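Chemist: Mind looking at a prediction? Sequence and model below.
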Amino acid sequence: MPDRSDPPLAPRDPFEAVSRASPVGIFHADLEGRITYVNPRLEALFGLGEADLHGRAWLRMVHQDDAVTLLAAWREANAARREYEQEFRVVLPDGRVRWLHGRSAVVCDAAGEPVQTVGTVEDVTARRVAVERMRGLLAISDALARALGAEDVARAVAEHAVPVVGARSAIIMLANEPEQALTLVGRGLPGQHEADWTRVPLSARVPAADVMRDGRPVTLKSPDEMALRYPHVASTWDTLGARALATFPLEVEGRRFGAIAFRFPRPRAFSEGELAFLRAVVQQCAVSLERARLFDEARAAREAAYEANRAKSEFLARMSHELRTPLNAIAGHLQLVEMGLHGPVTPGQQDALARVGRAQRHLLALINDVLNLARLETGRVEYDLVPLRVADALLDVRPMVEPQLATKQLAFDVELPEDAGAPTLLVWADRDKLVQVLLNVIANAVKFTAAGGRVRVHLAPSASTPEHALISVRDTGVGIPADRLEEIFDPFVQVNSTLTREHQGSGLGLAISRDLARGMGGDLTVESALGAGSTFTLHLRRAVLDDGTTTDRRTLGPRRAGVERRSGGDRRHDAR
């Protein structure tokens, strides 16, 4: 075996010539795994000279996590006289880890007995790193996709990003513009150092503040470079075991809002490939943090809107209650005057008192509508759902709408299944609430139907949903524009201001009616076209189906109102 310390001589052995020129490592080893020959390429792969490798068991250089499995498989292949192939890690003298792909075969003597093994070794670190990085990016993406806040992002970075990039740890700092400082997110530092880095002024001379100001990454390859550029914090990094540092700005669509710093356990010369991978990881973190910020802002806005709506509802409820007291007193005094308890009343005075009474009742109705809406919005309405005949509810409604029907000479048709000899159709409903809904819908139809028109009430099982019954109220009135149908259930929205001025009302009747319908487990919908009348349909759960089975009351009541409301979507009203 030539001495590698001497100037290389041109080999006379063809194998030696090929071995020296080979781009892959070549080795010979005895059956115990002790190396007997290596070529120059293998020396370079292991980072050792031939003198260091000769007689050395190759297993001593294998990473401890791979050694046991590798040795067992190698011995099994040798015993079976077959080739062996495996990827494994080796630890270089400087502590770095390299991935190798090895192939070996048994060499036998003339008697067929194995005497040694020969093989080749290739460096596959770049490929393995690329695969691991891709897997790591997928794992990071999955973890960050589930993150709902900055703390979640920090945990995902610690659990997934840090191992993938080979760092010891990472910290995330976000800009606090009012304080002109960076604040630490999560717990990326040991307790004794966390207090020092919880808040860092943007003017500070540290990598996180520098990248926040300049927008350029800061990479420090070794402790010497760290001490040279940032001597005032070098001792802290040394205590944390940081031997290299990479700090990047967090930026989305041109908005820079923080920094992320990775600390590495040994010196590191960052290649372009490594920096590109780190940038990809940082960009994912930045996008996730921006999404988390928007989520937090949206949640805060929803909570603020909910609180404002609750305060408004409480105010309306209190004011409505307070206003009813003097209005009731006015009604009482009107009755006393009309009865002549304060002296004779002339016909002219009677007419004036009647006008005052109508105004008082109208104002009281408006206040009652506001109070009912406030109760619904604060969830203070109770429902006592029982099997109910719709005809019974209509008996209560009819006397209240007949004066208006007579005044406008409107035909009023009611079609119920039992009128035609069909079995009684029962629905789950709160009688008082059902009466209120029917009264609002029928009164709305009367209000917007011209004299001589028709209002028709029809009850039938739903053809598409047999467990529901449909109570439809159709009129021959002015109708509603197709593009405004969804607005008629919103409180205080005037779809047609001209009609609203002509027909007085609070504009809350249909808003309240839909909420009450949903509170009873149903819904209120509308179909209409301008000039062609409108059909309002009340959907309610049937109490008894056609096969005689009874639907489950436990899912319906009694209960408090719990109608979900969305801005501009679910709540509409009658301001045609």
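Modeler: Done, it's in.

Chemist: tell me the pLDDT at residue 323?
Modeler: What the model reports as pLDDT for residue 323 is 69.

Chemist: excluding its backbone neighbours, what's nearest residue 251?
Modeler: Using C-beta to C-beta, 6 or more residues apart in numbering and skipping the chain neighbours, the partner closest in space to residue 251 is residue 286 (6.0 Å). Quick note: C-beta positions are derived from backbone N, CA and C, even for glycine.

Chemist: Surely the one you found forms part of a helix?
Modeler: Yes: with DSSP: H, G, I helix; E, B strand; the rest coil as the criterion, residue 286 is part of a helix.

Chemist: for it, what are its contacts?
Modeler: Shown in contact with residue 286 (C-beta atoms under 8 Å, 6 or more residues apart in numbering): 250-252, 257.

Chemist: Setting aside sequence neighbours, what's the nearest residue to the spatially most central residue of the chain?
Modeler: What sits nearest the mean C-alpha location of the chain, by C-alpha atoms, centre = their mean, is residue 148, with 7.0 Å. Closest residue to residue 148 apart from its sequence neighbours, by C-beta to C-beta, 6+ apart: residue 295 at 5.9 Å.

Chemist: what's the answer for residue 139, then?
Modeler: residue 160 (4.9 Å).

Chemist: Could you measure from that neighbour over to residue 146?
Modeler: Using C-beta to C-beta, to the nearest Å, we find residue 160 at a distance of 11 Å from residue 146.

Chemist: Between those two, which has more neighbouring residues?
Modeler: Per other C-beta atoms under 10 Å, whichever of residue 160 and residue 146 has more neighbours is residue 160, with 20 against 9.

Chemist: Can you read off the pLDDT for that one?
Modeler: pLDDT, residue 160: 80.

Chemist: Walk me through the domains of the chain.
Modeler: Following automatic domain parsing, one gets these domains for the chain: 14-123, 129-297, 315-377, 382-560.

Chemist: just how off-centre is the longest one within its chain?
Modeler: The offset between the C-alpha centroid of domain 382-560 and the centroid of the whole chain comes to 37 Å, using C-alpha atoms, centre = their mean, to the nearest Å.

Chemist: and what of the first one?
Modeler: For domain 14-123, the separation from the chain centroid amounts to 53 Å (computed by C-alpha atoms, centre = their mean).

Chemist: and that domain, how far apart are its ends?
Modeler: This stretch, domain 14-123, spans 24 Å end to end (C-alpha to C-alpha, to the nearest Å).

Chemist: same question, the second one
Modeler: According to C-alpha to C-alpha, domain 129-297 extends 38 Å from its N-terminal end residue to its C-terminal end residue.

Chemist: Could you point out the helix or strand that follows the longest strand along the chain?
Modeler: Across the chain, the longest stretch assigned as strand under DSSP state E is strand 97-108. Sequence order places strand 114-123 as the next helix or strand after strand 97-108, per DSSP states H and E.

Chemist: name the helices or strands packed onto that following strand?
Modeler: Strand 114-123 sits against strand 25-29, helix 40-46, strand 97-108, with contacts defined as 3 or more C-beta pairs under 8 Å, 6 or more residues apart in numbering; DSSP states H and E.

Chemist: tilt between that strand and strand 97-108?
Modeler: Orientation of strand 114-123 against strand 97-108 (axes from the mean of the first three to the mean of the last three C-alpha atoms, to 10 degrees) gives an angle of 150 degrees.

Chemist: Quick check: the gap between residue 520 and residue 465.
Modeler: When distance is defined by C-beta to C-beta, residue 520 is 15 Å away from residue 465.

Chemist: which one of those two has more residues nearby?
Modeler: residue 520 (26 against 12).

Chemist: Test for you: state the pLDDT assigned to the residue nearest to that one when sequence neighbours are not counted.
Modeler: Excluding its sequence neighbours, the residue lying closest to residue 520 (C-beta to C-beta, 6+ apart) is residue 429, at 5.4 Å. Residue 429 is assigned 91 on the pLDDT scale.

Chemist: who's residue 245 bridged to?
Modeler: Beta-bridge partners for residue 245, by DSSP bridges, are residue 220, residue 263.

Chemist: quick one: contacts for it?
Modeler: The contact partners of residue 245, taken as C-beta under 8 Å, 6+ apart, are 207, 218-220, 226, 237, 261-264.

Chemist: 10 Å instead?
Modeler: By C-beta atoms under 10 Å, 6 or more residues apart in numbering, the residues touching residue 245 are 167, 207, 218-223, 225-226, 229-230, 233, 237, 261-264, 268.

Chemist: which among those residues end up buried?
Modeler: 167, 207, 218-221, 223, 226, 230, 233, 237, 261-264, 268 (16 or more other C-beta atoms under 10 Å).

Chemist: hmm, back to that, how near is the residue nearest to the centre of the chain to residue 298?
Modeler: Separation of residue 148 from residue 298 (C-beta to C-beta): 11 Å.

Chemist: cool, residue 289 as well?
Modeler: Distance from residue 289 to residue 298, counting by C-beta to C-beta: 15 Å.

Chemist: Compare these two (neighbour count), which wins?
Modeler: Neighbour count, other C-beta under 10 Å: between residue 289 and residue 298, residue 289 has more, with 26 against 10.

Chemist: can you pull the contacts of the residue nearest to that one when sequence neighbours are not counted?
Modeler: Computed as C-beta to C-beta, 6+ apart, the closest residue to residue 289 that is not its neighbour in sequence is residue 153, at 5.3 Å. By C-beta under 10 Å, 6+ apart, the residues touching residue 153 are 143-144, 147, 161, 172, 174, 185-186, 260, 284-292.

Chemist: rerun that using 6 Å as the cut-off
Modeler: Listed by C-beta atoms under 6 Å, 6 or more residues apart in numbering, the contact set of residue 153 reads 147, 288-289, 292.

Chemist: Show me the residues you listed that map onto strands.
Modeler: Using DSSP E, no member of the contacts of residue 153 falls in strands.

Chemist: of these, closest to residue 13?
Modeler: Closest approach to residue 13 among the contacts of residue 153 (C-beta to C-beta): residue 288, at 60.3 Å.

Chemist: what about the closest residue to residue 144 other than its chain neighbours, how many neighbours?
Modeler: Excluding the flanking residues, the one nearest residue 144 by C-beta to C-beta, 6+ apart is residue 288, at 3.9 Å. Neighbourhood size, residue 288 [other C-beta under 10 Å]: 25.

Chemist: Identify each buried residue in stretch 531-545, please.
Modeler: Under the neighbour-count criterion of 16+ other C-beta under 10 Å, stretch 531-545 has 533-543 buried.

Chemist: Just the endpoints, please. Distance across that stretch?
Modeler: Separation of the first and last residues of stretch 531-545 by C-alpha to C-alpha is 37 Å.

Chemist: Likewise for stretch 52-59?
Modeler: 14 Å.

Chemist: Please apply the same query to stretch 528-539.
Modeler: Using C-alpha to C-alpha, the two ends of stretch 528-539 sit 17 Å apart.

Chemist: From the rest of the structure, what touches it?
Modeler: 441, 468, 470-477, 479-481, 517, 522-527.
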